[in-house]
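J.: Quick one, structure for this:
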Amino acid sequence: FGGTGNPFFENNLGERLVYTGDSNSYASLGWLKTGRGVAAGSCKWMGEPDEGWKAWEEQNESNKAGTCYADKWQYIMMDMWDSPWDMDEEDEQKIKLFGSKKCAVTKQNIPFFKEGRKYLRLHYSARVPAK
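T.: This is a model prediction of the structure:
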């Protein structure tokens, strides 16, 4: 993933990016970033455990704890928290009220929508969808 042929991203401090799956996307307002009803969790940089990376990998593989190395899409979602690709398609430019296309509001017409979205996405920047 990280350009070294390894199945993990590692920073200059030797920390690896791990995903901790903890719930669906309804945790507070985290669903605004990951989508409704999407299994989600958080990414964080983790220092090498006392038992070493090999033992950590084996332990997390065997108990299926929901903690694993983050994949490239999780890394992108965390690193590019402002989601510059969002609202680039026509169907993403409106909020459908009551699930109806006929009763929809253009996001650009909502006062402070862009500012509010930016704040929420920054606040939930580590929140990413599951694999």
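J.: Isn't Ala104 up against Lys94?
T.: Yes. At 4.1 Å, Ala104 and Lys94 qualify as touching, with contact defined as Cβ atoms under 8 Å. From N, CA and C alone the C-beta is placed, and that goes for glycine too.
J.: what is in contact with those two at once?
T.: The contact sets of Ala104 and Lys94 do not overlap (Cβ atoms under 8 Å, 6 or more residues apart in numbering).
J.: quick one: Glu10 from Asp50, how far?
T.: Computed as Cβ to Cβ, to the nearest Å, the Glu10 to Asp50 distance reads 18 Å.
J.: right, I mislabeled it, should have said Cys103
T.: For Cys103, the distance to Asp50 - Cβ to Cβ - is 56 Å.
J.: So these two - more neighbours on which side?
T.: Cys103 (11 against 7; other Cβ atoms under 10 Å).
J.: where exactly do the helices run in the chain?
T.: Assigned by DSSP state H, the helices in the chain fall at 31-34, 53-63, 72-79, 113-123.
J.: Which residue, neighbours along the chain excluded, lies closest to Gly41?
T.: Gly21 (3.8 Å; Cβ to Cβ, 6 or more residues apart in numbering).
J.: Perfect, I'm done here.
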